[in-house]
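Visitor: model the following, please.
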Amino acid sequence: MPRDATVLQDCVRAQYVAARVGDNEVEDYRRTKDVGPDSTTETYVALKLMIDNWRWAGVPFYLRTGKALKSRRTEVAIEFKRAPFAMFRDTPVDRLARNFLVMSIQPDECIGLQFNAKVPGPAVAISGVNMTFKTRTISTPHEQRI
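Guide: Next up is the predicted model:
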């Protein structure tokens, strides 16, 4: 695929319009003070990036940022590749939950793991499981934050 086509396929650029974000009304970007009514400046971008070496071949990195978004957060999410076969026969592989490791950096520091596990019991059923480790905030000045 030509590079220009890849860029168009792996990049989304946009500009926000008037909307309600949480409890706040946000006016259209082009109506903001000091912004021209015909401005083409992006206020949102999403990119799919690939690293061209043997170690990271086939591993996409997604970056998203913008103004006037509903929430502000910084996180690293790693999606694990599906296994080439199902461990239990008759498992509907196409309906399994995706496996992720998510490290949240801001505003709430935590590490989460989402994976598939067999549901306890005699029947062979697979379901997604979420495990999250969150740091706790210590309120006394003599203790350190973990």
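Visitor: so which helix or strand takes in Val7?
Guide: Assigned by DSSP states H and E, Val7 falls within helix 3-10.
Visitor: give me the buried positions along that helix.
Guide: Neighbour counts over helix 3-10 (16 or more other Cβ atoms under 10 Å) mark no residue as buried. Where C-beta positions appear, they are placed from N, C-alpha and C, glycine not excepted.
Visitor: so how far is that helix off the chain centroid?
Guide: Its chain's C-alpha centre and that of helix 3-10 lie 21 Å apart, by Cα atoms, centre = their mean, to the nearest Å.
Visitor: chain neighbours aside, what residue packs nearest to the residue nearest the centre of the chain?
Guide: Note on the chain: the residue nearest the mean C-alpha position is Ala77, at 5.8 Å, using Cα atoms, centre = their mean. Distances taken as Cβ to Cβ, 6 or more residues apart in numbering put Val102 closest to Ala77, at 4.7 Å, once the chain neighbours are dropped.
Visitor: tell me how far the helix or strand hosting the one you found lies from the chain's centre.
Guide: When elements are assigned from DSSP H and E, Val102 belongs to strand 100-106. Centre-to-centre, strand 100-106 and its host chain are 9 Å apart (Cα atoms, centre = their mean).
Visitor: and what of stretch 9-25?
Guide: So, by Cα atoms, centre = their mean, the centroid of stretch 9-25 is 16 Å from its chain's centroid.
Visitor: what do you get for stretch 120-134?
Guide: With Cα atoms, centre = their mean, you get 22 Å for stretch 120-134.
Visitor: go through that stretch and flag the buried ones.
Guide: For stretch 120-134, the neighbour count (16+ other Cβ under 10 Å) marks Ile126 as buried.
Visitor: state the mean pLDDT of that stretch.
Guide: Stretch 120-134 comes out with an average pLDDT of 87.
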